[in-house]
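*Asks:* Quick check, what structure comes out for this input:
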Amino acid sequence: MRNLGKYSRLCLIACPIYFCTCEQDDSDRVVTNISELKVVESFNYPTIQEVEVKIRILDNQGVPMQGIPINLYIPKNNSADSLGILAEKGFSNAQGWLIAKTILPRYITKIIVSPGYIGLPKAIILDIFEEKAMCVLGGKIVDSKTSITQVSNVLKDLSYKYLGDWGELGKPKYLLYPRNIINKAFLDEINAILPEHQNLSIKRSDYLSKITPSNLTIKDSADVYVNFIHEGTNSKNTLGFYTYPIGSEPSSSNEIGDITIVYPNASFDGSGGALSLGDKVHLGKFGPGTILGWCLLKDAWDGNAVGKENYSLYSNDNLNPETNPSLKRHTILVISEKNNQYIVGFEDIRRDEKDCDQDFNDLVFTVSTNPVDASNKELIPTMPKINDADADGVSDPFDEYTDDALRAYNNYFPSPTGFATLAFEDSWPESGDYDFNDLVIQYQVNRVCNAQNQEVALNIKFLVTAAGSELHNGFGIQLPIAANLIKSVKGYVISQNYINLNQNGTEAGNSLATIIAFDDVYNLFSNNQSDKTINTDKSNPFIVADTITISVAFNTAIEPVILAAIPFNPFLIRNKNREIEIHLPGMLPTNLANTDLFGTGTDASNPLLGRYYKTANNIPWALNLPLEWDYPAEQSSIIKAYSKFAPWAESGGNQYPDWHLNLSGYRNEGVIYGRP
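*Replies:* Next up, the predicted model:
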């Protein structure tokens, strides 16, 4: 990001960064037995971090924008070009803020902010510093031609005409100031017709009809202006325009006269360009009978000038490269009569290519004339009404529950498609073999939220992938809220007689909301595998368990920070003995646990010191992993299966925070079970 101090609309927290790189330390102490580990007492084996994220959204006059959808992604690489895994989402409040606590793998040092809203950058990458990240998107910018950094000795491709020179990153020196006011109401209109990743040929095929104009026809002499609104692509495209008289439509690109460059690099500041919402250009004055067409030069910006494009796309359908006539349209033209402006949206990928999403918002700009009625509006569609079917303040394109005013969207951990893992040793308070496969559960949490980002329901999927013990273990979680805040719990599998429930489905006898997902792991397998180990011996076939979906409804909406600490407080119930609970290290027992067992066997729990479920040398009985973890095979210690577990634990988590990943030198495949 260049010279951030000049731009009030985008402020990132700076810190030295590296993306998930852990130096190999050849001096690592070799540990062959987990009992030999030397782990600092305060270390609780965290593999996730709770990151406070603060995002503020402003229009181009500095006015806060409410109800803007904001998505947070874990990047696939050290770049915002690939959004990666969706980690969190929410909507900005009346002050323009989204303040959230999102759960991320501990080795992640960056997060991508993607508003998913036309008029704001597609993606901005932030550094995580001390478990915090913050930025401001949008805002009023006070600058002028003199503030644009001069780029000297630019060699211009003389096959194009130019409106003037440009500065760093292709920012035109001929921009007009002050910028056009582009407020949220106008942006909401544009977002209603061009939502991200929605196929326009299905959503609004009338915009792409042959009878719908795609070019602007001047009927009276007029000055014409273009305003930059949005780019939603990884390409560094160039926008140009061309003209021709009515009745002289070009039959090939060779018949087009000069193409004049409008935006050499039609990209947002912060996304590889230097443009801002409302950047205005005067195209010139045109006489009656002139038709203005648009040309997008695909990825033509070479970092300094307009270079050779991959291909050119035009607002005259017949000039475009597709052979299928129904796929040749690459622009839409819609009029906002309220704002006296035309909206033009470009699809920048050939529509016969499979990766084309056909959302026509890869480049969005508006066109206006002076006088305002100097252009022909006939057959040009008008902006549609903004729909909010349930009147919750979230417009339908962004609402995942359009008919439910109490619900607006889903928030998943670890992702909408992935699962995290809980792995237990069930021998507590005695030591075990530390293969962490006595009970292995994959889980996915969905926090259902309303328009105010409050949580109104909780849906958790549990899938047992291993039961490497002959014990009939149960499993539950405790939420950090009172049991009477729960309206109902559904989906649990309880068949034994040692679990007592309240009327709302929570477990009786606990002040905090405690949910028992199942009371006997063997009941989850359709072909009764009682008294046999499951999915820990490679010589036996893999057996699929039933998936449990726990649905929790709240009596009142819960503030998001209260339920941010996923996976809350999970625990194993040992062999149908409700008094024996096994929790993650450092987590408290429920009211029903027998605390007299603390300090017996090899357990060194001490409630007075806030120490729970660790041995004297700080070895745990349970682990939480932020991925679908490949656990050790039967009686294969985690030390042998994962070579970086020991240095991670002994360094207090500073070394190899990614020890659980499938990276070179990290795993001993011979002793890892590895699901089929």
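*Asks:* can I see the domain layout of this structure?
*Replies:* 4-37+48-137, 157-370, 408-635 (automatic domain parsing).
*Asks:* a markdown table please, covering those and showing mean pLDDT and distance to residue 385.
*Replies:* The C-beta positions use only the backbone N, C-alpha and C, and glycine is treated the same way. A markdown table is the format used below for the domains of the chain (pLDDT from 0 to 100; distance: least, C-beta to C-beta, whole Å):
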| stretch | mean pLDDT | distance to residue 385 |
| --- | --- | --- |
| domain 4-37+48-137 | 81 | 17 |
| domain 157-370 | 93 | 8 |
| domain 408-635 | 95 | 19 |
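*Asks:* and those domains as CSV, adding mean neighbour count?
*Replies:* Putting the domains of the chain into CSV (neighbours: other C-beta atoms under 10 Å) gives the following:
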stretch, mean neighbour count
domain 4-37+48-137, 18
domain 157-370, 19
domain 408-635, 19
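*Asks:* I'd like those domains laid out as TSV, including distance to residue 389.
*Replies:* As requested, these are exported to TSV (distance: least, C-beta to C-beta, whole Å):
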stretch	distance to residue 389
domain 4-37+48-137	15
domain 157-370	13
domain 408-635	12
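*Asks:* Among those domains, which comes closest to residue 654?
*Replies:* Taking C-beta to C-beta, domain 4-37+48-137 is the member of the domains of the chain nearest to residue 654, at 9.5 Å.
*Asks:* where does that closest one sit relative to the chain's centre, distance-wise?
*Replies:* Taking C-alpha atoms, centre = their mean, to the nearest Å, one finds domain 4-37+48-137 lying 10 Å from the centre of the chain it belongs to.
*Asks:* and what of stretch 323-334?
*Replies:* The answer for stretch 323-334 is 30 Å, by C-alpha atoms, centre = their mean.
*Asks:* How about stretch 308-327?
*Replies:* Centroid separation for stretch 308-327 versus its chain: 32 Å, with C-alpha atoms, centre = their mean.
*Asks:* So for residue 650, which of the domains of the chain sits nearest?
*Replies:* For those, the distance to residue 650 is smallest for domain 4-37+48-137, at 6.1 Å, taking C-beta to C-beta.
*Asks:* Spell out the residue ranges of the strands in the stretch 351-500 of the chain.
*Replies:* 363-370, 409-413, 420-424, 439-449, 455-466, 474-482, 486-490 (DSSP state E, counting those that start in this stretch).
*Asks:* nope, the stretch 151-300 of the chain is what I was after
*Replies:* Ranges of strands within the stretch 151-300 of the chain are 161-162, 216-218, 222-231, 238-245, 260-263, 280-286, 290-297, based on DSSP E, counting those that start in this stretch.
*Asks:* Give me the contacts around the fifth one.
*Replies:* Residues lying outside strand 260-263 but in contact with it, judged by C-beta atoms under 8 Å, 6 or more residues apart in numbering, are 160-163, 170, 172, 226, 228, 238-242, 275, 279, 281, 283, 306.
*Asks:* Let's have the strands of the stretch 351-500 of the chain in CSV, adding distance to residue 511.
*Replies:* Compiled in CSV, the strands of the stretch 351-500 of the chain are given as follows (distance: least, C-beta to C-beta, whole Å):
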stretch, distance to residue 511
strand 363-370, 54
strand 409-413, 25
strand 420-424, 23
strand 439-449, 22
strand 455-466, 19
strand 474-482, 7
strand 486-490, 12
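*Asks:* quick one: what helix or strand has the closest residue to residue 66 other than its chain neighbours in it?
*Replies:* Nearest residue to residue 66, sequence neighbours excluded (C-beta to C-beta, 6 or more residues apart in numbering): residue 94, at 5.0 Å. Assigning secondary structure by DSSP states H and E places residue 94 outside every helix and strand.
*Asks:* Equivalent analysis for the one 5 residues further on, please.
*Replies:* In this structure, residue 99 is located in strand 97-105 according to DSSP H and E.
*Asks:* Name the strands paired with that strand and say parallel or antiparallel.
*Replies:* Strand 97-105 pairs in its sheet with strand 48-57 (antiparallel), by DSSP bridges.
*Asks:* now the strand it pairs with against strand 420-424, angle please.
*Replies:* Using axes from the mean of the first three to the mean of the last three C-alpha atoms, to 10 degrees, the inter-axis angle of strand 48-57 relative to strand 420-424 is 160 degrees.
*Asks:* May I have the helix or strand following strand 48-57 as PDB, with CA atoms only?
*Replies:* Using DSSP H and E, the helix or strand that follows strand 48-57 towards the C-terminus is strand 69-74. C-alpha atoms of strand 69-74 as PDB (Å, rounded to 0.1, in the frame of the first residue of the first chain):
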ATOM      1  CA  PRO A  69     -21.900  -6.400   4.100                       C
ATOM      2  CA  ILE A  70     -18.300  -7.100   5.200                       C
ATOM      3  CA  ASN A  71     -16.600 -10.400   4.700                       C
ATOM      4  CA  LEU A  72     -13.300 -11.500   6.300                       C
ATOM      5  CA  TYR A  73     -11.200 -14.100   4.600                       C
ATOM      6  CA  ILE A  74      -8.100 -16.200   5.400                       C
END
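*Asks:* and strand 69-74 with strand 409-413, angle?
*Replies:* 10 degrees.
*Asks:* Other residues contacting strand 69-74?
*Replies:* Outside strand 69-74, the residues that touch it by C-beta under 8 Å, 6+ apart are 53, 55, 57, 83-92, 98, 100, 102, 104-105, 108, 111-117, 123, 398, 409.
*Asks:* and if we set it to 6 Å?
*Replies:* 55, 83-91, 98, 102, 108, 111-112, 114-117, 398 (C-beta atoms under 6 Å, 6 or more residues apart in numbering).
*Asks:* For the helix or strand following that strand, name the packing helices and strands.
*Replies:* Heading C-terminal from strand 69-74, the first helix or strand you meet, by DSSP H and E, is strand 85-91. If you count contacts as 3 or more C-beta pairs under 6 Å, 6 or more residues apart in numbering; DSSP states H and E, strand 85-91 packs onto strand 69-74, strand 97-105.
*Asks:* what are the C-alpha coordinates of the next helix or strand after the last one, in PDB please?
*Replies:* Counting by DSSP H and E, the element after strand 97-105 in chain order, helix or strand, is strand 110-114. As requested, the backbone C-alpha atoms of strand 110-114 are provided in PDB (Å, rounded to 0.1, in the frame of the first residue of the first chain):
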ATOM      1  CA  LYS A 110      -3.000 -11.600   7.700                       C
ATOM      2  CA  ILE A 111      -6.700 -11.300   7.000                       C
ATOM      3  CA  ILE A 112      -8.600 -10.000   3.900                       C
ATOM      4  CA  VAL A 113     -11.400  -7.500   4.100                       C
ATOM      5  CA  SER A 114     -13.900  -7.900   1.300                       C
END
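*Asks:* quick one, which of the domains of the chain is nearest to residue 655?
*Replies:* Within the domains of the chain, the stretch nearest residue 655 is domain 4-37+48-137; the backing value is 6.5 Å (C-beta to C-beta).
*Asks:* In space, what's closest to residue 633 - neighbours in sequence excluded?
*Replies:* Distances taken as C-beta to C-beta, 6+ apart put residue 673 closest to residue 633, at 4.5 Å, once the chain neighbours are dropped.
*Asks:* wait, isn't that neighbour in contact with residue 634?
*Replies:* No. Applying C-beta atoms under 6 Å, one finds residue 673 not in contact with residue 634, separated by 7.9 Å.
*Asks:* joint contacts of these two?
*Replies:* residue 536.
*Asks:* show me where the stretch 501-650 of the chain has strands.
*Replies:* Using DSSP E, counting those that start in this stretch, the strands of the stretch 501-650 of the chain run over residues 512-518, 548-558, 569-573, 581-583, 622-625.
*Asks:* just checking, what packs against the second one?
*Replies:* Here strand 548-558 is seen to pack against strand 455-466, strand 486-490 when contacts are counted using 3+ C-beta pairs under 6 Å, 6+ apart.
*Asks:* wait, which of the ones you listed is closest to residue 627?
*Replies:* When these are compared by C-beta to C-beta, strand 455-466 sits nearest residue 627, at 12.5 Å.
*Asks:* quick revisit: out of the domains of the chain, which comes closest to residue 647?
*Replies:* Comparing those under C-beta to C-beta, the one sitting nearest is domain 4-37+48-137, at 4.6 Å.
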